[in-house]
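Novice: quick one, structure for this:
(chains A, B, C and D)
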There are 2 protein chains.
Amino acid sequence: MKTKDALVEAAAELLWERGYAATSPAMIQKRSHAGQGSMYHHFSGKAELATAAMRHSAQQLQTAVEAALGSGGSAVERISAYLDMERSPLAGCRVGRLVQDPDVVADDELRAPVAESFEWLERRIADVLAEGVRSGELRQDTDVAATAALVIATVQGGYVLARAQQDEEAFRRAAKAAKAALVGLTV
Amino acid sequence: MKTKDALVEAAAELLWERGYAATSPAMIQKRSHAGQGSMYHHFSGKAELATAAMRHSAQQLQTAVEAALGSGGSAVERISAYLDMERSPLAGCRVGRLVQDPDVVADDELRAPVAESFEWLERRIADVLAEGVRSGELRQDTDVAATAALVIATVQGGYVLARAQQDEEAFRRAAKAAKAALVGLTV
DNA sequence: GTCTATAGCTCGATAGAC
DNA sequence: GTCTATCGAGCTATAGAC
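Specialist: Predicted coordinates:
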């Protein structure tokens, strides 16, 4: 169970750095120090290994997000903690970047882990916001679903801005304005 | 000058649909009904043709954005018009999607058109917001640069959400919350 | 379970005829 | 300016020895 893990780990890294289409089995094998035979023994091919790697990355991300959202405090504080999570804006989102990959979007099996990850995230953030509305922290007329989408879009779009200009500050600017917008929703 | 334009047009479409790394010269030739020889006569190779196609797409986008921002009305109305521009969220942004491509980010020549496009957009939107502050429509303490980044990130991130879930509504939810946030900045 | 060898294909680019 | 032929490399996958 050691070589298999190394393959998944290496595949996850490469999917993050290069996406699915631009990552070859040979690259994964080289980085994980596994041979051709090992890879095709543990997985049926590139797609199955990539799916396992995506689920691995999504799980890691989910744990980190849960830690940020689960910290005590008000809804605004918890969402702000999510926006301020430790990130490398220039590296991009290990899950979100896959959404641009033509091969991933074309194949429902490959897209499933990504879609599930975003669905979970959107619901999770919407729940925190709904708590804020219930407790009287946020306005009663707050559109919880729309605001959750805005928060996640800010992060995903912040990655795009940072990568386009090769400047981490672009991400932080977007996050700062999103936090200000959240404060504007408080009673 | 006809075959050359067809090559640029086809390349722009394919870059939008598939990105740079996953688009091959053969695909571009097929779609533009141009032969191998024609392509290498007009362009030094894939990279040069792609650069021309990117500038073509960026120009198209700039014209459309200018139309939305240039419509009369308050700053909030003009930015809202940008957020409500006619888009196909599932198709993604023809410029922003290139930011995820490993080959594009690795090469400054390829990245330049993308970076310039985003720099122009961020400045343009910041200018509109600054006018709103000056006219007394928006609060004096508005962080114009951060808000501009938030607006663009909302659009780019909205594309990611929509593609991840294959649902246009995800984009519209994010845009709706962004417009609400803008209203919250008015005096 | 892991290895090497190789299949069959497509990649991006070049050559040279016309 | 456009064509076809071809190069060397890398792609994903399979075969079969160990």
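Novice: residue boundaries of the helices in chain A?
Specialist: Shown for chain A, the helices assigned by DSSP state H span residues A:2-18, A:25-32, A:36-42, A:46-70, A:75-83, A:102-106, A:108-134, A:144-165, A:168-183.
Novice: so residue A:71 makes contact with residue A:78?
Specialist: Yes - counting by Cβ atoms under 8 Å, residue A:71 does reach residue A:78; the two are 6.3 Å apart. The way it works is simple: take the backbone N, C-alpha and C, and place the C-beta from them, glycine included.
Novice: and these two? which has more neighbours close in?
Specialist: residue A:78 (19 against 11; other Cβ atoms under 10 Å in any protein chain shown).
Novice: contacting residues for that one?
Specialist: When contacts are counted by Cβ atoms under 8 Å, 6 or more residues apart in numbering or on different chains, residue A:78 touches A:68-71, A:128.
Novice: what does chain A have sitting close to DNA strand D?
Specialist: By the rule Cβ under 7 Å from any atom of the strand, the part of chain A lying against DNA strand D is A:23-27, A:36-37, A:40, A:44-47.
Novice: report the buried members of those residues.
Specialist: Among the residues of chain A next to DNA strand D, those classed as buried by 16 or more other Cβ atoms under 10 Å in any protein chain shown are A:23, A:25, A:27, A:46.
Novice: surely the third one is in contact with residue A:13?
Specialist: No - using Cβ under 8 Å, residue A:27 is not in contact with residue A:13, being 9.8 Å away.
Novice: list the contacts of residue A:74.
Specialist: Residue A:74 makes contact with A:132, A:137 under the criterion Cβ under 8 Å, 6+ apart.
Novice: gap between it and residue A:129?
Specialist: 11 Å (Cβ to Cβ, to the nearest Å).
Novice: same thing with residue A:35?
Specialist: 49 Å.
Novice: which of those two has more neighbours?
Specialist: The residue with more neighbours, out of residue A:35 and residue A:129, is residue A:129; 25 against 11, by other Cβ under 10 Å.
Novice: grab the nearest non-local neighbour of the more buried one.
Specialist: residue A:144 (4.6 Å; Cβ to Cβ, 6 or more residues apart in numbering or on different chains).
Novice: is it true that the one you found touches residue A:130?
Specialist: Yes - Residue A:144 is within contact range of residue A:130, at 5.1 Å (criterion: Cβ under 8 Å).
Novice: what's the most buried one of the helices of chain A?
Specialist: Compared across the helices of chain A, helix A:144-165 shows the largest average neighbour count, a mean of 27 (mean count of other Cβ atoms under 10 Å in any protein chain shown).
Novice: on contacts alone, who are the packing partners of it?
Specialist: Here helix A:144-165 touches helix A:75-83, helix A:108-134, helix A:168-183, helix B:108-134, helix B:144-165, helix B:168-183, going by 3 or more Cβ pairs under 8 Å, 6 or more residues apart in numbering or on different chains; DSSP states H and E.
Novice: tell me which of those sits nearest to DNA strand C.
Specialist: With Cβ to the nearest atom of the strand as the criterion, DNA strand C lies closest to helix B:108-134 of the helices and strands packed on helix A:144-165, at 11.7 Å.
Novice: by contact count, what packs against that closest one?
Specialist: Using 3+ Cβ pairs under 8 Å, 6+ apart, helix B:108-134 sits against helix A:144-165, helix B:46-70, helix B:75-83, helix B:102-106, helix B:144-165.
Novice: now check the second one, is it near DNA strand C?
Specialist: Yes - for helix B:46-70 and DNA strand C, the contact criterion (Cβ under 7 Å from any atom of the strand) is met by B:46-47.
Novice: need the per-residue pLDDT for the residue lying closest to residue A:62 once chain neighbours are set aside.
Specialist: Spatial nearest neighbour of residue A:62, excluding adjacent residues (Cβ to Cβ, 6+ apart): residue A:120 at 6.6 Å. According to the prediction, residue A:120 has pLDDT 98.
Novice: these two touch, right, residue A:120 and residue A:61?
Specialist: No - look at residue A:120 against residue A:61 with Cβ under 8 Å: they stay out of range, at 9.7 Å.
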